[in-house]
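*Asks:* here's my sequence, what's the structure:
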Amino acid sequence: MSDEDTTDMLEARYREYAEAYGMASERGDSKATNRNYGKLMALVPKLRASGDQGEAILRRLMNDQSDAVAAWAATHSLPFAEVDALEVLDALAKKKGVTALDALMTARLWRAGELSSP
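*Replies:* Presented below is the predicted three-dimensional model:
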């Protein structure tokens, strides 16, 4: 892992990209949404490679004040913290907006066994 891939940097970038994704998605900016999705997905293998530290980051971010950050962190926590992640997704699904719909569909697909490890 390079210096710019320290767990603190990974957490900061994950939060930044997830928040930017959520804001772009809510305003219907597909180019910015897709760009931030790509950046966010590029961090996931790095977090997974960080083992327990990566999981701790995602667990922490499930409680972020940003719904988009919490939703993405919960989605990526499903394989190792299913109960907590589904609880977060279910709570977000009760809200309004694109993130709520994403949370609803993610939880539904996961429970149906139709979502592979994100």
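
*Asks:* give me the residue ranges of this structure where confidence is low.
*Replies:* 1-5, 118 (pLDDT under 70).

*Asks:* show me where it has helices.
*Replies:* For the chain, the helices defined by DSSP state H cover 7-27, 30-49, 52-61, 67-77, 82-93, 98-111.

*Asks:* same for the fifth one, what does it pack against?
*Replies:* Contacts defined by 3 or more Cβ pairs under 8 Å, 6 or more residues apart in numbering; DSSP states H and E place helix 82-93 against helix 67-77, helix 98-111. Heads up, the C-betas are built off the backbone N, CA and C, glycines and all.

*Asks:* comparing these, which comes out most buried?
*Replies:* Using mean count of other Cβ atoms under 10 Å, the stretch among these with the largest mean neighbour count is helix 67-77, at a mean of 26.

*Asks:* which other helices and strands contact it?
*Replies:* When contacts are defined as 3+ Cβ pairs under 8 Å, 6+ apart, helix 67-77 sits against helix 7-27, helix 30-49, helix 52-61, helix 82-93, helix 98-111.

*Asks:* the longest one packs against which elements?
*Replies:* The one in question is helix 7-27. When contacts are defined as 3+ Cβ pairs under 8 Å, 6+ apart, helix 7-27 packs onto helix 30-49, helix 52-61, helix 67-77, helix 98-111.
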